[in-house]
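Novice: Provide a 3D model corresponding to the input given below.
(one chain, ligands or ions: 1)
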Amino acid sequence: MADDILNRVRRLRQDPELAFVPEIYNEALVSIEDLCLAIANKSLVQLGMHAPDRSALDTQDRDLVRGSDLDVGALAEFVETNVPLLLPEQLTAYKTIMSAIANRTGGLFFLDAPGGTGKTFLISLILATIRSRKHIASAIASSGIAAALLDGGRTAHSALKLPLNVQTIEMPTCNLTKNSGMGTVLRTCRIIIWDECKMAHKKSLEALDRSLRDFRDCQVPFGGALIMLSGDSRQTLPVIPRGTRADEINACLKQSTLWRHVQKLTLTTNMRVQLRHDTTAARFAAQLLDISSGRMPIDRSSQSITLPSDFCTMCSTKERLIQSVLPDIERNFRNRQWLSKRAILAAKSYDVNAMNLSIKNTIPGEA
Ligand SMILES: Nc1ncnc2c1ncn2[C@@H]1O[C@H](COP(=O)(O)OP(=O)(O)OP(=O)(O)O)[C@@H](O)[C@H]1O
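Specialist: As a prediction, this is how the structure comes out:
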């Protein structure tokens, strides 16, 4: 991670000889802590590591720094090439956001987009359009993985300095000052895009609202700033440690009084299907939508659904799954290209650890 940061700074400063300095290690620690916060809601100190110095990154916010370093010509070219590719529903969303920016009307939008409908493509274009005009566009996401997919994306916890225990505070705000780097970004940016917003606790959005009203000296929602939330309304609700289902429902964004200000934009066409004309992908996308929209019959006794027989290739045991995804791992475990094309996902780290152990046991060599 520190290597990536060093490379980025070398590129920005056009100095390929630049060596590691403490600031780079500090930024790496901040990024690692952001991931820990996103994954486990734990700071590095709580995990027994050194705390990063976050104040060192405060005054020079990354969005401000990158604003002056951007290649606006390349961004404008990217926009010019890709806007004509937008499908009608993507174009409607793009134009709606662009006109809200041009008219300075602000507002709260929610881009509701199931997986594969071109949400990231559209967000990249919105960000690039604004940045190509030398304005600031802030991209944040509820998870580290979603943040990594956005150009200049950061986790909401890190960018907004949300309190760790946001759910327990009556009226939380962002731990930022008006004149800090991020405070300046919040005051001056043309848009804040918050991806995978459905995973966020409603109090996180309310904290942003309170801070924006304060920083912008304006008592309308979000201080008159333009906010675009994005995500799939069918996806998982915020996770409340040791909470009940009722706690989760109560924590979701729709339960916030701010939600009544939302204007909805919708994407429905699965681009992976559209671009590749792949009929199996089309069937899979439709089945996924049936499941996530609650259209599959539920067995009352087990409260579970039965997956359609043609849903995917089913493996009856974990061993078979490993064998199907990683055949001949003993011969291929050093082949990075081979490894990079396959992965097994599991919902619980317990299962991940168990599978990792089984896989490692098949690899020859000393333990
Ligand atoms: N209008 C378009 N023209 C050409 N390619 C597009 C268009 N919209 C999306 N794509 C491509 O379709 C694929 C899926 O789009 P994208 O990754 O933006 O979807 P997504 O909604 O973010 O999906 P997920 O949530 O699963 O990550 C990408 O390869 C993207 O480049």
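Novice: Let me know the next secondary structure element after the host helix or strand of Gly73.
Specialist: Secondary structure assigned from DSSP states H and E places Gly73 in helix 72-82. Downstream of helix 72-82, the first helix or strand assigned by DSSP H and E is helix 88-102.
Novice: Tell me the buried residues in that following helix?
Specialist: Buried residues in helix 88-102, counting neighbours by 16 or more other C-beta atoms under 10 Å, are found at Glu89, Gln90, Ala93, Tyr94, Thr96, Ile97, Met98, Ala100, Ile101. Placement of C-beta: from N, CA and C, glycine included.
Novice: Please list which of these also come close to the ligand.
Specialist: Gln90 (C-beta under 6 Å from any ligand atom).
Novice: can the buried residues of helix 88-102 go into JSON lines with extra columns for distance to Pro52?
Specialist: Formatted as JSON lines, the buried residues of helix 88-102 follow (distance: C-beta to C-beta, whole Å):
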{"residue": "Glu89", "distance to Pro52": "42"}
{"residue": "Gln90", "distance to Pro52": "38"}
{"residue": "Ala93", "distance to Pro52": "37"}
{"residue": "Tyr94", "distance to Pro52": "37"}
{"residue": "Thr96", "distance to Pro52": "39"}
{"residue": "Ile97", "distance to Pro52": "34"}
{"residue": "Met98", "distance to Pro52": "37"}
{"residue": "Ala100", "distance to Pro52": "36"}
{"residue": "Ile101", "distance to Pro52": "34"}
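Novice: out of the buried residues of helix 88-102, who's nearest the ligand?
Specialist: Lowest distance from the ligand to these (C-beta to the nearest ligand atom) belongs to Gln90, with 5.6 Å.
Novice: how about the helices of the stretch 251-367 of the chain, start to end?
Specialist: 271-276, 279-292, 318-325, 329-332, 336-340, 349-361 (DSSP state H, counting those that start in this stretch).
Novice: Minimum distance to the ligand: which of the ones you listed has it?
Specialist: Closest among these, using C-beta to the nearest ligand atom: helix 271-276, at 3.4 Å.
Novice: Show me what the closest one is packed against.
Specialist: helix 279-292 (3 or more C-beta pairs under 8 Å, 6 or more residues apart in numbering; DSSP states H and E).
Novice: and the protein, which residues reach the ligand?
Specialist: Residues of the chain lying near the ligand (C-beta under 6 Å from any ligand atom): 85-87, 90, 113, 115-121, 271-272, 275.
Novice: from the residues you listed, which two are the most distant?
Specialist: For those, with distances taken as C-beta to C-beta, the pair at the greatest spread is Leu85 and Gly115 (19.2 Å).
Novice: Just want to know which of those two has more residues nearby.
Specialist: Gly115 (14 against 11; other C-beta atoms under 10 Å).
Novice: My reading is that that one lies in a helix. Confirm?
Specialist: No: in this structure, Gly115 is coil, not part of a helix, as judged by DSSP: H, G, I helix; E, B strand; the rest coil.
Novice: close enough to count as contact, it and Asp232?
Specialist: Yes: if you go by C-beta atoms under 8 Å, Gly115 and Asp232 touch, sitting 6.4 Å apart.
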